[in-house]
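Engineer: structure for the following, please:
(2 chains)
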Number of protein chains: 2
Amino acid sequence: MTASNRNESVPSSPQDFATVFAMLKPHMAALDVFMRKQLEEFEPEIRSMADYCIDTSGKRIRPALVFTSGWKGDEISTDLVRIASVVELVHLASLVHDDIMDEAEVRRNRRTAVREYGSTAAVLLGDALFSHALNLATRFPTTEVCSAVSDSMRKVCAGEIIQTLRRGSTNITRADYQRIIDLKTAELFRVSCYLGSRYAGFPMEFVEAASSFGRHLGIAYQVYDDLADFFGDEKRIGKTLGTDLASGKITLPLLALIDRLPTDAKDELIEEITGRRPPQPALRIKQMNELGVFAFVAEAVQEELRLAEAALAPHLALAPTPLLLRLCEVLRQQVGVLRGAASA
Amino acid sequence: MTASNRNESVPSSPQDFATVFAMLKPHMAALDVFMRKQLEEFEPEIRSMADYCIDTSGKRIRPALVFTSGWKGDEISTDLVRIASVVELVHLASLVHDDIMDEAEVRRNRRTAVREYGSTAAVLLGDALFSHALNLATRFPTTEVCSAVSDSMRKVCAGEIIQTLRRGSTNITRADYQRIIDLKTAELFRVSCYLGSRYAGFPMEFVEAASSFGRHLGIAYQVYDDLADFFGDEKRIGKTLGTDLASGKITLPLLALIDRLPTDAKDELIEEITGRRPPQPALRIKQMNELGVFAFVAEAVQEELRLAEAALAPHLALAPTPLLLRLCEVLRQQVGVLRGAASA
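Structural biologist: Take a look at the predicted model:
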């Protein structure tokens, strides 16, 4: 569920990050071909298992960031395809491990790897995917890609560990929340933009701006996703609402609700989070609406999107900039969809 | 248990790989200092957890192979210390994951990471250790170390996956067994020797010979370890005998026993392996003694040791060669200790 919250609840509509640009279609097709080809490098005995994990139904947000940040026109750069493959493989490996930890049965409308092969094989399979991702990352003239990606990977894990250790605890501040999502989600968004712009040969000022953009977009995306856990369309996002509350994970909507409840009601909510009382998601969603939590969290998304946009302001003339800015609009629209559902 | 079988049952005697050479003491001390220093690179929130995993009580067989293969005299090479740290971190990360899968409570006389922090945090902690190992591997002028180590990591995982999928199945040949241990154990031994000799600047013919030596030593070591699972001294190796039988894992001693039993008795053993009948380790050990299984498996160890020695034969004049050959003698002595116990 950490993983699904991290990135899986974006509705599969034409407004997805990866599908917003029709022009990226050939890039995504090239990525698919490249990733399928990677299977040959796994031992024959585990190839079908790796194949199962490298499915093509994912949203490919990180590859979209790589291609968009490095946009120079229609030509498909083999370097960027390889980089996109590295970040996507790291992401897919982390999903395999997340599904074990969350005992998830289904992802993207089919059985998870852990459900299919058992948890032992799934731990190892995730490790094998990580290994291959980093091996691919060494296929550049310098150690830079592998260094950047392995550093990001450790940060993603650290963020997840910190979140895991805090589950069921209410001793968490807004700053703690911000740090967790910065590590677990924003870091891989950041490195995708960093490597995409850098390997496309853009000047370092832009590479740094794109990295900062990616980081803020990642934070905005995770806050949005945490909001969708309470206000999403169950059918469309394909999961039950309020899973964060049920699993004792304090996200920004819950933090904001705790802040706004009177003492007695607050204690009751804390008992739900800490597992001493059954969770009441419907009541909590109602209270969030009444107490302005939706508006507060939506504003937190906006704030990060503004920081993302500000980072790119000095680079409006470069080809990637208008495309990256459009991603901010996509996320704004998605928040709007939640708002519509919330007020309906 | 895969892990413990892989490498943890060598008795902690002065004849251990890492302690056989007094001259390696300063190298191991430098390794300890270097590995402790790595903790600073983990996020503060997970530092104490990483510290718990990077304990100094391990046998450090792989670092010993790095230093020995690259032996050029007393001087401590910072490159080799870093390489030793990379292979040991990969190994420690794999132990953290193995202990989750085996639900192990204790390793090296203290609680396992999974017991200490829970399985979710332990999966992520293993991932963070892997990430940092590969990040360290990028701190060389070229991508070679990271490329070699990430490739080995995938092989180790593949070997473990194949073994896992075969648990409780008797449909396994000697060739299957050989392939599994080649991947899960010999590969990291091989790459330790490869990188040690290569980064010490030895000629490529020796680097290749040392790699071949490492591979055969690794196979010999794993076969020995699988033999120790039936014939070891429970107190000294710190675990119950016959765990492979109990977990349905077919190793060479069991393969050889199946081959030697008459049909009825064989069917009964197969029922034990497949979990349809409680395992009878004492009976199986007795039968192994009576039917010459010990001698057969001990000979398999010898065979690999001879191949290891043969690989080095053209390089007797180089400084690492006599040291590496001594490791073969150490393993022979350890098999001798088992034989003494078996015939007692």
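Engineer: which strands and helices sit next to the strand or helix carrying A:Met28?
Structural biologist: When secondary structure is defined by DSSP states H and E, A:Met28 falls within helix A:25-38. Counting contacts by 3 or more Cβ pairs under 8 Å, 6 or more residues apart in numbering or on different chains; DSSP states H and E, helix A:25-38 packs against helix A:61-69, helix A:78-101. C-beta: built from backbone N, CA, C; applies to glycine.
Engineer: could you give the angle of that helix to helix A:61-69?
Structural biologist: Calculated by axes from the mean of the first three to the mean of the last three Cα atoms, to 10 degrees, helix A:25-38 forms an angle of 130 degrees with helix A:61-69.
Engineer: quick check on A:Leu291: phi, psi?
Structural biologist: In terms of degrees, to the nearest 10, the main-chain angles of A:Leu291 are phi -100, psi 10.
Engineer: and A:Ala93, how far is that from A:Leu134?
Structural biologist: The gap separating A:Ala93 from A:Leu134 is 10 Å, by Cβ to Cβ, to the nearest Å.
Engineer: and for A:Ser147?
Structural biologist: As it turns out, when the distance is counted by Cβ to Cβ, A:Ser147 lies 10 Å from A:Leu134.
Engineer: could you check which of these two has the larger neighbour count?
Structural biologist: Under the neighbour definition other Cβ atoms under 10 Å in any protein chain shown, A:Ser147 and A:Leu134 were set side by side, and A:Leu134 has more, 33 against 21.
Engineer: tell me how far the more buried one lies from chain B.
Structural biologist: As judged by Cβ to the nearest Cβ, to the nearest Å, A:Leu134 and chain B stand 4 Å apart.
Engineer: can you classify that residue by secondary structure?
Structural biologist: In the three-state summary, A:Leu134 is assigned as helix, counting by DSSP: H, G, I helix; E, B strand; the rest coil.
Engineer: wait, it touches A:Ser150, no?
Structural biologist: Yes. Using Cβ atoms under 8 Å as the test, A:Leu134 is close enough to A:Ser150 to be in contact (5.9 Å).
Engineer: what residues are shared contacts of those two?
Structural biologist: Here A:Leu134 and A:Ser150 share the contacting residues B:Leu134, B:Cys146, scored by Cβ atoms under 8 Å, 6 or more residues apart in numbering or on different chains.
Engineer: where does pLDDT dip in the stretch 151-300 of chain A?
Structural biologist: With pLDDT under 70 as the threshold, the stretch 151-300 of chain A has low-confidence stretches at A:234-239.
Engineer: which residues of it lie near chain B?
Structural biologist: With Cβ under 8 Å from any Cβ of the partner chain as the criterion, the stretch 151-300 of chain A comes near chain B at residues A:Asp151, A:Met153, A:Arg154, A:Lys155, A:Cys157, A:Ala158, A:Glu160, A:Ile161, A:Ile162, A:Thr164, A:Leu165, A:Leu183.
Engineer: A:Gly201 in helix, strand or coil?
Structural biologist: coil.
Engineer: so what does it have for phi and psi?
Structural biologist: phi 90, psi 20.
Engineer: ok, now which ones touch it?
Structural biologist: A:Lys72.
Engineer: for chain A, which segments count as strands?
Structural biologist: A:106-107, A:110-111 (DSSP state E).
Engineer: redo those strands as CSV? Include distance to chain B and mean pLDDT.
Structural biologist: Formatted as CSV, the entries for those read as follows, by distance: least, Cβ to the nearest Cβ, whole Å; pLDDT from 0 to 100:
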stretch, distance to chain B, mean pLDDT
strand A:106-107, 17, 76
strand A:110-111, 16, 81
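Engineer: any chance of these in TSV, plus mean neighbour count?
Structural biologist: Compiled in TSV, the strands of chain A are given as follows (neighbours: other Cβ atoms under 10 Å in any protein chain shown):
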stretch	mean neighbour count
strand A:106-107	18
strand A:110-111	14
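Engineer: just send those strands back as CSV, with distance to B:Pro253 too.
Structural biologist: Output for the strands of chain A, formatted as CSV (distance: least, Cβ to Cβ, whole Å):
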stretch, distance to B:Pro253
strand A:106-107, 41
strand A:110-111, 36
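Engineer: for A:His91, which non-adjacent residue is closest in space?
Structural biologist: Counting by Cβ to Cβ, 6 or more residues apart in numbering or on different chains, the nearest residue to A:His91 once its immediate chain neighbours are dropped is A:Arg62, at 5.7 Å.
Engineer: which parts of the stretch 1-150 of chain A sit against chain B?
Structural biologist: Within reach of chain B by Cβ under 8 Å from any Cβ, the stretch 1-150 of chain A has these residues: A:41-43, A:45-46, A:49, A:94, A:97, A:100-101, A:117-121, A:123-128, A:130-132, A:134-135, A:137-140, A:142-143, A:146-147, A:150.
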